[in-house]
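Student: Predicted structure and sequence below. I'll ask about it afterward.
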Amino acid sequence: DTAVSQTPKYLVTQMGNDKSIKCEQNLGHDTMYWYKQDSKKFLKIMFSYNNKELIINETVPNRFSPKSPDKAHLNLHINSLELGDSAVYFCASSPLGGRKTQYFGPGTRLLVL
Amino acid sequence: GENVEQHPSTLSVQEGDSAVIKCTYSDSASNYFPWYKQELGKRPQLIIDIRSNVGEKKDQRIAVTLNKTAKHFSLHITETQPEDSAVYFCAASQSDTDKLIFGTGTRLQVFP
């Protein structure tokens, strides 16, 4: 299937733990993103990478660290999880250059207890 | 930085009626305005977009209009159907950046 995929789909964990979410796209896109969607459905960009290079880094706590081993993968590692990190995290990708459609992954629902 | 406001937050219509969702943006340099539809528990998906060199774009029952002077753009859905029920997001960005700033979303419910 041609798509943006994420694993895991659900993640339930305790406060203080460290967890990772993986994202892969096989669309041949150069740009990948992480978004956070909170309980009120607000969609906010966190990071974007162009060809493994960090381009956008919004005011996100440094407990969140993206890693792009190659242009088809963008993983998100979160240290010392807090209750407020509970949200749905979406990965997305797009072709290089502005004003291009962004294709979203299915989302990872993170619940921190 | 860019700020996008979206209204209404919820919208209920009868099947067959039209629905209009409005967004305003703050940065006059923004020139790309996509609309995404997110069904319950699913990912956001692009339904239509407009660039600042045009004032209107249509795709079957969906149309988007853009007023650059007033810095607002709107989504129009005609002949609504129950499957149009979802959360709709507007967004804005500039041509030299991939950064999309999303509106706060509109939950549309279409009653049969």
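Tutor: Good, I have the coordinates. Residues are numbered from 1 along each chain as shown, chains lettered A, B, ... in the order given.
Student: what's the burial count for A:Asp38?
Tutor: 12 (other Cβ atoms under 10 Å in any protein chain shown). For the C-beta atoms, the positions are set from N, CA and C on the backbone; glycine is no exception.
Student: ditto for B:Asn53
Tutor: Count around B:Asn53 with other Cβ under 10 Å applied: 8.
Student: Give me the phi and psi angles of the closest residue to it other than its chain neighbours.
Tutor: Nearest-residue entry for B:Asn53: B:Asn31, 7.9 Å, with adjacent residues in sequence omitted and distances by Cβ to Cβ, 6 or more residues apart in numbering or on different chains. The phi/psi pair for B:Asn31 (degrees, to the nearest 10) reads phi -140, psi 10.
Student: Over to A:Asp85?
Tutor: Dihedral angles (degrees, to the nearest 10) for A:Asp85: phi -80, psi -10.
Student: ok, how many other residues are close to it?
Tutor: 19.
Student: Tell me how far the closest residue to it other than its chain neighbours lies from chain B.
Tutor: Nearest residue to A:Asp85, sequence neighbours excluded (Cβ to Cβ, 6+ apart): A:Val112, at 5.3 Å. Noted for A:Val112: a distance of 20 Å to chain B, by Cβ to the nearest Cβ, to the nearest Å.
Student: Repeat that for A:Ala92.
Tutor: According to Cβ to the nearest Cβ, A:Ala92 and chain B sit 8 Å apart.
Student: sorry, back to before: the residue nearest to B:Asn53 and B:Asp49 touch, don't they?
Tutor: No: with contact defined as Cβ atoms under 8 Å, B:Asn31 does not reach B:Asp49; the gap is 11.2 Å.
Student: how about the residues of chain A near chain B?
Tutor: A:31, A:33, A:40-45, A:48, A:50, A:55-56, A:90, A:94, A:97-107 (Cβ under 8 Å from any Cβ of the partner chain).
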